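Student: Kindly generate the corresponding structure for this input.
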Amino acid sequence: MIGTLLAGRYELTGRLAEGPVFSLYTARDRQQGRDVGLRLIRAPYDHEPRFLDELSSAVSRQTGLNNPAVEALGGVEKGDWGAFLYGDVTRGPSLQDRIRKLAPFSVPVSLDLAISLLKGLEALHRNGIVHGDVSPGNVVVMPNGTARLQLAGIWEAYHASPEAAKAVYPGMAPYLAPEVSAGEMPGPRSDLYAAGVVLFELLVGRQPYHGDTPATILRRHEEDETPDIRAFNPAVPIALAGMVAKAMAKDPQDRYASAAELLSDLKSQQDALRFGKTLAWPPPSSAPAAAQPVKAVPTPKKREKPRSTEPEPVAPKMGAIRDEEPEPRRRGQDRDVPAWMLAILAVLMAVVIGLMGVWFLFNMNKPKLVRVPEIEGLSLSEARDLLDPLHLELRVAGHEPNDKVPQEHILDASSDTGDMVREGGRISVIVSGGSRFVQMPDLKGYTPDRARSVLEGLGLEVDPVSDETPSEIPVGNVVSQTPSARTKIDRQSRVRLTLSTGPGGEANTSTPDKAYAYNIEVAIRGVSRPVRVRIEISDVRGTRPVYEERKADGETASTTVRGYGDKATFRIYYDDELVKEFEQSAS
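Tutor: Below you'll find the predicted structure:
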């Protein structure tokens, strides 16, 4: 499919993801000279006229919506070759992949993702659009750590195709609100329910309800009590746990009234963490019951007490003024405060003292706050030596290639230096995987087995030997190699060896799909901040990325690329924006 031209306009350049109904590709719009995202509609749905018409209608309702937290969809193209949905290209891993690999996330990271997700929902709801399928599979994590919603409103097309609805049903079931599974149409509050489930999954690393079948999961959403998130992750603040429970309330009327309301609470929690404060829950203006896990049963109406026919008690009357000389005041009666008021004050003081005691007891039992030390740039063992005395756990969340930071040294941490965290907390880190590049050794004269052993030790792969040439080098040994010796190349690159046939042998060179090495150097100019530089190659084997690294103005991005065929096209991107394209012939 790569290289295919659709509708005489869109050239497929890469595949991003596969789903039950759509296959997501990147493409080059030749008319506008920009990259776009194409969702090829899979068979048999691509030839269902009613489904395609409903899909077009759902997309047209989003005209004019422009929000960075929502993927922009352009329209649907149909033809004899099938159909596709086109829109902006959104590159990045799905939240589903991130959860599978890294969850549970820290509270700050979970809040960042949830806040950007809620910003997208707020924009959709403000424009009268219900997403209808909020789930990690429809959320992309952007390079800056924010989230972007995909396929908003497309649920409306599924009722036109029973087969398409059946295909997406298993992925939607873990996030469907009880009223939707009972037959009601999705609405803004069902989107908020799904957002609550996603936030639960971010913080815990698992879905709140499990089952062998989608039907079992739906039934548990309807009947089971909302799980207490702090039972799975005690590090979740009480207020944030209340927000998740309120978003996941069984009765839509007990949930947040709008995405803006939930977004405001999440931002308040984010600010509280940033400044080391504890957020009160439930908020003074809301009813406490709304924040507690609830069962799927109707709330009984409160019974009104019968009005009493007895007169209500009133404050005792003060003594009448007498003409005669007042008696001397008795001991203890030196104030003009009635006894009944003193009794009330005494009770209030007792309550206050009791609450203060509870507060002191609660805070004395809390783990104490400790300051996060500087761990970026340290090895894992050095970081643990600093964190262990503070009773903080170090967790490796992933590896990233880096030319400047040594292998197994920390690139980034979930908490910044100087942040205050509780003892027993977890610090997640991204660790350097070492340089993504390696220098090609000189293999001339090596036997094939020895050459293969050296290359595999460097993380390189060896192509099957198909080229032979006469040489003074002993028969069967390496005469030359591609890429050449002392060239800097990516790990996992493939190496082609040419063997000797001896002084009087005959050359045997396979020309079809021949491999060539291209040395690419790009000077970074005209950027005000570091950008993510990506280089793509298009040759007879298709389009693929060959380089990706952050670079600042004045730096150089250089790499040696293995291409196939007699020429190749290279594209240079800064933060996913094409800045240069050129063709180079093999030599």
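Student: mean confidence for stretch 474-488?
Tutor: On average, the pLDDT along stretch 474-488 is 82.
Student: what about stretch 200-216, start to end distance?
Tutor: 19 Å (CA to CA, to the nearest Å).
Student: Excluding covalently adjacent residues, which one is nearest to Gly187?
Tutor: Leaving aside its chain neighbours, Gly187 sits nearest to Val130 (5.8 Å; criterion: CB to CB, 6 or more residues apart in numbering). For every residue, glycine as well, the C-beta is placed using N, CA and C.
Student: Asp191 is in contact with that neighbour, correct?
Tutor: Yes: counting by CB atoms under 8 Å, Val130 does reach Asp191; the two are 6.1 Å apart.
Student: shared neighbours of these two, which are they?
Tutor: Counting by CB atoms under 8 Å, 6 or more residues apart in numbering, the shared contacts of Val130 and Asp191 are Leu124.
Student: higher neighbour count, the two?
Tutor: Asp191 (27 against 20; other CB atoms under 10 Å).
Student: Can you give me the distance of Ile410 to Glu382?
Tutor: Separation of Ile410 from Glu382 (CB to CB, to the nearest Å) stands at 9 Å.
Student: what's the overlap in contacts for these two?
Tutor: Ile375.
Student: quick one, which of these two is more surrounded?
Tutor: Ile410 (22 against 13).
Student: which regions of the stretch 201-350 of the chain sit below the pLDDT cut-off?
Tutor: 284-344 (pLDDT under 70).
Student: ok, which stretches of the stretch 451-587 of the chain are strands?
Tutor: 461-462, 467-469, 478-482, 488-490, 494-500, 515-523, 531-539, 542-551, 556-564, 567-574, 577-585 (DSSP state E, counting those that start in this stretch).
Student: closest one to Gly64 among those strands?
Tutor: For those, proximity to Gly64 was assessed by CB to CB; strand 577-585 is nearest, at 23.3 Å.
Student: Please enumerate residues in contact with that closest one?
Tutor: The contact list for strand 577-585 (CB under 8 Å, 6+ apart) reads 33-35, 518, 522, 566-573.
Student: buried residues in it?
Tutor: 579, 584 (16 or more other CB atoms under 10 Å).
Student: Check stretch 371-383 too.
Tutor: 372, 375, 378-379, 383.
Student: worst average pLDDT in the strands of the stretch 451-587 of the chain?
Tutor: Here the lowest mean pLDDT among these goes to strand 467-469, at a mean of 65.
Student: picking up where we left off before, make TSV from the strands of the stretch 451-587 of the chain and add distance to Leu387 to it.
Tutor: TSV is the format used below for the strands of the stretch 451-587 of the chain (distance: least, CB to CB, whole Å):
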stretch	distance to Leu387
strand 461-462	38
strand 467-469	54
strand 478-482	46
strand 488-490	34
strand 494-500	41
strand 515-523	39
strand 531-539	30
strand 542-551	27
strand 556-564	35
strand 567-574	37
strand 577-585	39
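Student: Out of these, which gets nearest to Val421?
Tutor: Judged by CB to CB, the one of those that comes nearest to Val421 is strand 542-551, at 27.6 Å.
Student: Relative to the closest one, what are the paired strands and their orientations?
Tutor: strand 531-539 (antiparallel) (DSSP bridges).
Student: Between strand 515-523 and the partner strand, find me the angle.
Tutor: On the basis of axes from the mean of the first three to the mean of the last three CA atoms, to 10 degrees, strand 531-539 is oriented at 150 degrees to strand 515-523.
Student: In strand 531-539, which residues are buried?
Tutor: 531, 533-539.
Student: these two touch, right, Val141 and Arg98?
Tutor: Yes: with contact taken as CB under 8 Å, Val141 and Arg98 are classed as touching, separated by 5.4 Å.
Student: so what sits against both of those two?
Tutor: In contact with both Val141 and Arg98: no residue, using CB under 8 Å, 6+ apart.
Student: Could you chop this protein up by domain?
Tutor: Here the domain assignment for the chain is 5-87, 95-291, 369-432, 438-585, based on automatic domain parsing.
Student: And Phe200, how far from Lys514?
Tutor: Distance from Phe200 to Lys514, by CB to CB: 54 Å.
Student: So for these two, which sits in the more crowded spot?
Tutor: Between Phe200 and Lys514, Phe200 has the larger neighbour count (other CB under 10 Å), namely 26 against 17.
Student: mind listing which of the buried residues of stretch 371-383 are in helices?
Tutor: Using DSSP state H to define helices, the subset of the buried residues of stretch 371-383 located there is Ala383.
Student: out of the buried residues of stretch 371-383, who's nearest Glu423?
Tutor: For the buried residues of stretch 371-383, the nearest to Glu423 is Val372 (11.7 Å; CB to CB).
Student: how far is stretch 452-462 from where the chain is centred?
Tutor: Taking CA atoms, centre = their mean, to the nearest Å, the mean C-alpha location of stretch 452-462 is offset from the chain mean by 35 Å.
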